[in-house]
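1. next input, structure requested:
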Amino acid sequence: MVSLENLYISSLETCNLHCRYCYTKKTKNVLTNQQILSFVNRYRRYSNLKSIIFCGGEVFTLNSFPDLINKLNKLGIFITVITNGTIDRLTEIKNPNNCQLLVSFDGPKNIHDHNRGVGNYDLSKSFVRHALDLDFPVEIFFLITKESYPYLNSFNIFGLEKTYLIDRLGSLSSVQTQNVLKNYPTYPPKTFGCHQISLQSDSLIYPCCETNKPIGKISTPIKKIIKNYLDLVHQNPLCVDPDFYCKLKK
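-> Just a heads-up that it's a prediction; the model follows:
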């Protein structure tokens, strides 16, 4: 399934936490609001852009990030933010109904705090409660590791729906991995694959948020970016990142 109506943008890779299971390189690259808005406006000329997923790093470490959300919402774009839920800038977002929050948890309090630092479970849970009070749509982004795997069915935060993210560092067995992929809602979604046009903090464009093979730069003509993307997707309709998710799904 190909989607040109959604973009994935990683504004930065730096974060306020130092999680044991984090696999991203903490570079100092940061995309400015102007860079992102300029790219989005160019992209909208070629595609009916409906939504953008933001991730990092931790995007709420950027003081200007709520303002970026507000400007994109004014363009009629629905925003999804993947966040660790430890920096509360929620009251600065003017239209919470059009900003979904995917808040990361690694399991019960003892597991979560062992990975992310003592006190962060309670901090993230308070963030979720505040978001719900402000009418943000919220889901839990549940990292599945060998420690959290036993809590697949029992882990619960305010009865919210969960999306499952498989530990990329390989702590799960192949049987456990296949069980999660087959029986639980995972990210990326099963019907969507891993591919989506992704603007990363290094100003390069990738055909997947998890691959290291760019298909253009932020300055590349949008028509060429879309062509390069579609060419790759047609070559491998399941996924454009053969190093991880494609292998897991075989």
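
2. so which residues of the protein form strands?
-> Ranges of strands within the chain are 6-10, 51-55, 78-83, 99-105, 138-144, 162-166, 195-199, 204-208, 216-217, based on DSSP state E.

3. export the ones you listed to CSV and tack on mean neighbour count?
-> All C-beta atoms are positioned from the backbone trio N, CA, C, and that covers glycine. Formatted as CSV, the strands of the chain follow (neighbours: other C-beta atoms under 10 Å):
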stretch, mean neighbour count
strand 6-10, 22
strand 51-55, 21
strand 78-83, 21
strand 99-105, 23
strand 138-144, 22
strand 162-166, 19
strand 195-199, 25
strand 204-208, 23
strand 216-217, 16
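
4. turn those into a markdown table, columns for distance to residue 91 and mean pLDDT.
-> As requested, the strands of the chain are exported to a markdown table (distance: least, C-beta to C-beta, whole Å; pLDDT from 0 to 100):
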| stretch | distance to residue 91 | mean pLDDT |
| --- | --- | --- |
| strand 6-10 | 23 | 94 |
| strand 51-55 | 18 | 95 |
| strand 78-83 | 15 | 97 |
| strand 99-105 | 12 | 98 |
| strand 138-144 | 15 | 97 |
| strand 162-166 | 25 | 93 |
| strand 195-199 | 27 | 88 |
| strand 204-208 | 33 | 91 |
| strand 216-217 | 36 | 97 |
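
5. and of the ones you listed, who's closest to residue 27?
-> For residue 27, the closest of these is strand 6-10, at 10.3 Å, according to C-beta to C-beta.

6. quick one: low-confidence parts of this protein?
-> Applying pLDDT under 70 to the chain flags residues 1-2, 188-194, 236-250.

7. who does residue 141 bridge with?
-> residue 104, residue 163 (DSSP bridges).

8. separation between it and residue 125?
-> Plainly put, residue 141 is 14 Å away from residue 125 if you go by C-beta to C-beta, to the nearest Å.

9. returning to what we had before: tabulate the strands of the chain (JSON lines), appending distance to residue 225.
-> JSON lines is the format used below for those (distance: least, C-beta to C-beta, whole Å):
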{"stretch": "strand 6-10", "distance to residue 225": "11"}
{"stretch": "strand 51-55", "distance to residue 225": "15"}
{"stretch": "strand 78-83", "distance to residue 225": "21"}
{"stretch": "strand 99-105", "distance to residue 225": "25"}
{"stretch": "strand 138-144", "distance to residue 225": "27"}
{"stretch": "strand 162-166", "distance to residue 225": "26"}
{"stretch": "strand 195-199", "distance to residue 225": "7"}
{"stretch": "strand 204-208", "distance to residue 225": "5"}
{"stretch": "strand 216-217", "distance to residue 225": "4"}
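
10. hey, where'd the helices end up in this protein?
-> With DSSP state H as the criterion, the chain has helices at 33-44, 65-74, 109-116, 120-133, 174-183, 222-235, 245-249.

11. mind putting those into JSON lines with mean neighbour count and distance to residue 7?
-> Putting the helices of the chain into JSON lines (neighbours: other C-beta atoms under 10 Å; distance: least, C-beta to C-beta, whole Å) gives the following:
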{"stretch": "helix 33-44", "mean neighbour count": "16", "distance to residue 7": "7"}
{"stretch": "helix 65-74", "mean neighbour count": "19", "distance to residue 7": "10"}
{"stretch": "helix 109-116", "mean neighbour count": "18", "distance to residue 7": "28"}
{"stretch": "helix 120-133", "mean neighbour count": "17", "distance to residue 7": "23"}
{"stretch": "helix 174-183", "mean neighbour count": "14", "distance to residue 7": "25"}
{"stretch": "helix 222-235", "mean neighbour count": "15", "distance to residue 7": "11"}
{"stretch": "helix 245-249", "mean neighbour count": "17", "distance to residue 7": "19"}
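
12. with that, I have no additional questions.
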